[in-house]
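# Just the structure for this:
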Amino acid sequence: MTGIDALSLDGISLLLVWTAIATYLLAFIAYTIDLAGRSVPASVPQREPVLAGATARAGQQTDNAQSGSVDSVRTPPAQRQRLLWARIGTSLTVLAFLFHLAGTILRGIAAERVPWANMYEFALTGTVLIVAVYLLVLRRYDLRFLGAFLIGMVVLLLGGATVSFYVEVVPLMDPLKSVWLVIHVFVASLATALFAIACGISITQLLQARRERRTRASSDTARADGLGFLRTLPAADVLESLAYRFAIVGFVFWTFTLIAGAIWANDSWGRYWGFDVKEVWTFVIWVLYAGYIHARATRGWRGTRSAWLSIIGFVAVLFNFTIVNMFFQGLHSYSGLT
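As a prediction, this is how the structure comes out:
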């Protein structure tokens, strides 16, 4: 492929990415309006339009908050409360995802390699996987209440990466010319997507647990509700179980990432481990999530403490991607930034 063709494809890719960001922003707004509509007290007639059949299921959504089973969110799409703004948000997310995926694929075609060899491309692929996992999970679990958090985060990460990390297509450095680039980085991106969803659920769990404590301590239910939309969400222990499920699958992928990285390091530099800053932080993240899983399996560390471990683990993932790549020099300095 000639340089001009590559630049043209990369330009189209960039245009598609910006289109995706704008569409994600609209989806975020729709999801936020949906949460605002859920905040209206049950005694107050909601002015938010809902689709036909929603009234018959209105009570079921509130009952989910009282359910102690993950089955309370394992609802087929056809049987869910059909809130208009949530459906608009999901539809816009699907449209944005298609733009995003097309932009990512065109970046790979322009580069004639997988599109995750520098910080911009890793953010491009990582965020598309976050949305892909979210949309796939929606087929099984009704997690539309996470839409505002996840899509808002995607807007910030993808928008920030496009503004700050974008670089033109360049040839790969020699250590990156390996099949492990395809395997290692993709699996790490998939683990990151699962950790992001677990983090969003854990944040919601903390809010719900606070609401439940205030409800038990107060006779004034209206004041104890705080964020009204929490009344329509699953109970804190259900959210905790959901977060654990996503985190443990992500942990399996991250374990493979750590092992594959060691094998790749041996192929490239002749040693499996060298205390390079990226290697150290990958291991730190593994330890944090191992601690979270162990704590969750121990009764004394359930509830808010395990939720905080899940959140801290994902903050470490973001720190590893941003701060470590930008400000720490090491053998993994492939950000593409000058």
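# element containing L156?
Take DSSP states H and E as the rule and L156 turns out to sit in helix 147-164.
# can you pull the buried residues of that helix?
Residues 147-155, 157-159, 161-162 are the ones in helix 147-164 that count as buried (16 or more other C-beta atoms under 10 Å). C-beta coordinates here come from the backbone N, C-alpha and C atoms, glycine included.
# Packing partners of the next helix-or-strand element following that helix?
Counting by DSSP H and E, the next helix or strand C-terminal to helix 147-164 is helix 179-217. With contacts taken as 3 or more C-beta pairs under 8 Å, 6 or more residues apart in numbering; DSSP states H and E, helix 179-217 sits against helix 119-138, helix 147-164, helix 221-225, helix 236-269, helix 304-319.
# for the protein, which spans come out with low pLDDT?
Where the chain drops to pLDDT under 70, the residues are 1-7, 40-69, 71-72, 76-80, 218-227, 299-300, 330-338.
# residue nearest the centroid of it?
A centroid search over the chain (C-alpha atoms, centre = their mean) returns A196, at 3.4 Å, as the residue closest to the centre.
# Leaving out chain neighbours, which residue sits closest to that residue?
I130 (5.1 Å; C-beta to C-beta, 6 or more residues apart in numbering).
# Please give the number of neighbouring residues around the one you found.
26 (other C-beta atoms under 10 Å).
# For the nearest residue to L230 once chain neighbours are set aside, give its distance to I33.
Spatial nearest neighbour of L230, chain neighbours left out: R211 (4.8 Å); criterion: C-beta to C-beta, 6+ apart. For R211, the distance to I33 equals 21 Å [C-beta to C-beta, to the nearest Å].
# Just want to know which of the two has more residues nearby.
Neighbour count, other C-beta under 10 Å: between R211 and I33, R211 has more, with 21 against 18.
# Assess the claim that that one and T232 are in contact.
No. With contact defined as C-beta atoms under 8 Å, R211 does not reach T232; the gap is 11.4 Å.
# Mind splitting the protein into its structural domains?
Using automatic domain parsing, the domains assigned to the chain come out as 1-40+72-171, 179-338.
# circling back: with distance to V73 added, can I get the helices and strands packed on helix 179-217 in CSV?
Output for those, formatted as CSV (distance: least, C-beta to C-beta, whole Å):
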stretch, distance to V73
helix 119-138, 10
helix 147-164, 14
helix 221-225, 20
helix 236-269, 7
helix 304-319, 17
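# of all those helices, which gets the most neighbours per residue?
Among the helices and strands packed on helix 179-217, helix 119-138 has the highest mean neighbour count (mean count of other C-beta atoms under 10 Å), at a mean of 22.
# Point out the other elements, helices or strands, that that helix touches.
helix 84-111, helix 147-164, helix 179-217.
# With distance to V324 added, can I get the ones you listed in CSV?
Output for the helices and strands packed on helix 119-138, formatted as CSV (distance: least, C-beta to C-beta, whole Å):
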stretch, distance to V324
helix 84-111, 23
helix 147-164, 15
helix 179-217, 13
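# looking at the ones you listed, which is closest to E279?
Judged by C-beta to C-beta, the one of the helices and strands packed on helix 119-138 that comes nearest to E279 is helix 179-217, at 12.1 Å.
# Now the closest one: buried residues?
Those would be 180-181, 183-212, 215, for helix 179-217 by 16+ other C-beta under 10 Å.
# what angle do it and helix 304-319 make?
Put simply, helix 179-217 runs at 150 degrees to helix 304-319, going by axes from the mean of the first three to the mean of the last three C-alpha atoms, to 10 degrees.
# what's the angle between helix 179-217 and helix 119-138?
50 degrees.
# Surely T23 and V94 touch.
No. The pair T23 / V94 is not scored as a contact, 9.6 Å apart, by C-beta under 8 Å.
# With neighbour numbers in mind, choose between those two.
Ranked by neighbour count (other C-beta under 10 Å), T23 and V94 place T23 first, with 21 against 14.
# helix or strand for the more buried one, which one?
Element membership for T23, per DSSP H and E: helix 3-38.
# just checking, what packs against that helix?
helix 84-111, helix 147-164.
# Distance from the chain centre to it, please.
Per C-alpha atoms, centre = their mean, to the nearest Å, the displacement of helix 3-38 from the mean C-alpha position of its chain is 16 Å.
# Mind listing what's buried along it?
For helix 3-38, by 16+ other C-beta under 10 Å, it's 6, 9-10, 12-14, 16-17, 19-21, 23-35, 37-38.
# Who are the contact partners of V137?
143, 197 (C-beta atoms under 8 Å, 6 or more residues apart in numbering).
# I'd like the distance between it and I311.
Per C-beta to C-beta, V137 is found 19 Å from I311.
# How about F319?
Applying C-beta to C-beta, the value for F319 to I311 is 13 Å.
# likewise Q205?
For Q205, the distance to I311 - C-beta to C-beta - is 10 Å.
# now swap in V277 and tell me
Taking C-beta to C-beta as the measure, V277 and I311 are separated by 23 Å.
# for V169, same thing?
According to C-beta to C-beta, V169 and I311 sit 36 Å apart.
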